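Engineer: got a predicted structure plus its sequence, pasted below:
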Amino acid sequence: MLPAAGQENGLRGPVFDSEVNRTLLSQAEGTDQPPPAPGREYQPISPGALPDADGDLFGDVATPSSQAADPFSPLDGEPARQPAVTAERAEQRAAEPAPAEAPSRTESTAVTLDDIRTGTARTATVDAEEALEFPRRMNEREAAIEGQEFEREENPYAPLGLRLGTFVVVPTLEQGITWTSNANDSPDGEEAVLSESTLRLNATSDWSRHRATINAFGTIRKTLSGQEIKEIEGGGDANLELDIAHGLVGRASLGYSVGREGASSPVSIVGVEEQPLRHTIDGSVGLEKTLGPLRLGLTGEVSRDQFGDAELIGGGTLSQSDRNSTLALLRLRAGYEISPAFMPFVELEGGRRFYDEDRDSAGYARSADRLGASAGVALDLSEKLSGEVSAGWISEDFEDERLRSISGVALAASLDWSPVRGTLVGLDASTTVEGSTDPGESGSLLYSGTLRIERQMRSNLTGDLAFGAAYRDYEAGGHDLILNGEAALTWWLNRYTGLVGRASYERQTSSLPDRDYETTSFFMGVRMQR
């Protein structure tokens, strides 16, 4: 068999079994298939690849016995196969004398079927076609654990929380010492050193469809030296959001708070050892329906205020039951979604405030009808800006004709803005109608607002700033202005423990006598979380 075309050209290309068998079979059966085109005789490029006239490749003369022992020696009568060489090397080898033992390369030898042997073509691997189709390994070797790159946490000092059922609960305990220049925030208050303890619990549901949150806190302040006080303040709220059906969402909330009234209360009680405790209970249930770009909402709210007895100086108590009241409201909101980030809305509210006693200690019937209307806009720019702001009018008209109605502009806002990563700016504003038990006085409107700035200066260092202002407008004449500010730093030693420092200032100025006061406080303590 003559050399293949790839060998003829000096290349070592593939030789397929089908071509070899076809050639050998045609010669064995005497078919009329033309023989392959003659090619140049193979001459090796490397010197010494073939035995010289006086020896074999390894220096020994080839003998018939050695050929018989070699399983790879040519068959009887079959010419030896040699690899192809270049033309220049072939001419050099042609000039050299041929070995006497080498058989003629040009002789024709008859080939039979019994003489067919396996060709020299390399058989492809089993997965050759798959390797061509998938050049990269499908099952890459896993890297060593210590060599992997772990994703960094956005906040490595954030609490992990405790899983209780389907809720994740985050408890926080803060314990420290407070120095204050005015222990009871009153015009005649004195300085004191207080022990202050605060426990907070925050729980968030881990549900796939609905959502629920629960928050609770409690604070105890007790005098270590200075003016003697003992205060307890606490509260909590729960919120539930239900995805009832497509475009229909239900919301419900319940809240409670308790705290002692301070000098900034609109009802000042003179000659008491301690101001009365105020208990507030809030609840609401509502539905929101989406109709294309239209948003419709209906919410019912109930708010209950109950006051404890005031302790008089020298003994005895003064009942405050005539101040207990319940406010029931129904709110209707309609909004139009211009875009997912911008939705103007209008809101109407109506209800009634019920006092437990038909008439107070001075003989006034203080139950009143409540009406209000407002317009605003809701914003939702993902993490950059979210919340709503509104303005309108509010009014309460009393049953007793001797009391003038309380009415005025109603302002409300709840915005969160993140100008840069790690910085959060919040704005909260509200308008509250405050009742009174002073003879002949209807009450007041309280406008309050707070600007909060939170900055994560380092992964374990957080700074907080807060500026607040409140303006109370009495219906009978007069006003109060309350300004306050606070700066705080929290340095986390690890994920569970941090050091806290706060400085705060509050000042009230009033057009009414004996209501001005000023308070400066400093707090240092430890915060623990889980």
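Structural biologist: It's in.
Engineer: extract the CA atoms of the helix or strand where Ala252 lies and return them as CSV.
Structural biologist: Element membership of Ala252 [criterion: DSSP states H and E] is strand 248-260. Coordinates of the C-alpha atoms in strand 248-260 are reproduced here as CSV (Å, rounded to 0.1, in the frame of the first residue of the first chain):
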residue,chain,number,x,y,z
LEU,A,248,-56.8,44.0,47.3
VAL,A,249,-54.7,44.5,50.4
GLY,A,250,-55.8,44.5,54.1
ARG,A,251,-54.0,46.3,56.9
ALA,A,252,-54.4,46.3,60.6
SER,A,253,-52.5,47.8,63.5
LEU,A,254,-52.6,48.0,67.3
GLY,A,255,-50.6,50.1,69.6
TYR,A,256,-50.2,51.0,73.3
SER,A,257,-48.0,53.5,75.1
VAL,A,258,-47.8,54.7,78.7
GLY,A,259,-45.8,57.6,80.2
ARG,A,260,-45.9,60.4,82.7
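Engineer: and the next helix or strand after it, what does it pack against?
Structural biologist: Counting by DSSP H and E, the next helix or strand C-terminal to strand 248-260 is strand 272-274. Strand 272-274 sits against strand 310-312, with contacts defined as 3 or more CB pairs under 8 Å, 6 or more residues apart in numbering; DSSP states H and E. The C-beta positions use only the backbone N, C-alpha and C, and glycine is treated the same way.
Engineer: the strand it packs on: which residues count as buried?
Structural biologist: By 16 or more other CB atoms under 10 Å, the buried positions in strand 310-312 come out as Ala310.
Engineer: picking up where we left off before, which neighbours does the strand holding Ala252 have in its sheet, and in what orientation?
Structural biologist: strand 230-245 (antiparallel), strand 277-291 (antiparallel) (DSSP bridges).
Engineer: off-centre distance for the shortest one?
Structural biologist: In terms of CA atoms, centre = their mean, to the nearest Å, the gap separating the centre of strand 277-291 from the centre of its chain is 27 Å.
Engineer: re the thing from before, off-centre distance for the strand holding Ala252?
Structural biologist: 25 Å.
Engineer: list the contacts of it.
Structural biologist: Strand 248-260 is touched from outside by 231-244, 274-290, 299, with contacts defined as CB atoms under 8 Å, 6 or more residues apart in numbering.
Engineer: for Tyr496, which of the strands paired with strand 248-260 is the nearest?
Structural biologist: strand 230-245 (23.4 Å; CB to CB).
Engineer: and that closest one, how far from the chain's centre?
Structural biologist: 22 Å.
Engineer: over to stretch 229-241?
Structural biologist: 27 Å.
Engineer: list the buried ones in that stretch?
Structural biologist: Here stretch 229-241 shows Ile229, Glu231, Gly235, Ala238, Leu240, Glu241 as buried, counting by 16+ other CB under 10 Å.
Engineer: name the SS class of Asp322, please.
Structural biologist: Following DSSP: H, G, I helix; E, B strand; the rest coil, Asp322 is assigned to helix.
Engineer: state the pLDDT value of the residue lying closest to it once chain neighbours are set aside.
Structural biologist: Using CB to CB, 6 or more residues apart in numbering and skipping the chain neighbours, the partner closest in space to Asp322 is Asp360 (4.0 Å). Asp360 carries a pLDDT value of 85.
Engineer: and Asp360, what does it touch?
Structural biologist: Counted by CB under 8 Å, 6+ apart, Asp360 has contacts Asp322, Arg323, Arg366, Thr437.
Engineer: please apply the same query to Glu486.
Structural biologist: Asp464, Leu465, Ala466, Arg502, Ala503, Ser504, Tyr505 are the contacts of Glu486 under CB under 8 Å, 6+ apart.
Engineer: what do you get for Val409?
Structural biologist: With contact set as CB under 8 Å, 6+ apart, Val409 has these partners: Ala391, Gly392, Trp393, Ile394, Thr431.
Engineer: surely the third one is in a strand?
Structural biologist: Yes. Under three-state DSSP, Trp393 falls within a strand.
Engineer: count of residues packed around it?
Structural biologist: 12 (other CB atoms under 10 Å).
Engineer: so it bridges to which residues?
Structural biologist: Taking DSSP bridges as the rule, Trp393 bridges to Ala373, Val409.
Engineer: so it makes contact with Leu411?
Structural biologist: No. Counting by CB atoms under 8 Å, Leu411 is not a contact partner of Trp393; they are 10.6 Å apart.
Engineer: mind giving me TSV with the strands paired with strand 248-260 and columns for mean pLDDT?
Structural biologist: Shown next, in TSV, are the strands paired with strand 248-260 (pLDDT from 0 to 100):
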stretch	mean pLDDT
strand 230-245	93
strand 277-291	94
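Engineer: compare those strands and report which one is nearest to Thr519.
Structural biologist: Closest to Thr519 of the strands paired with strand 248-260 is strand 230-245 (CB to CB; 13.8 Å).
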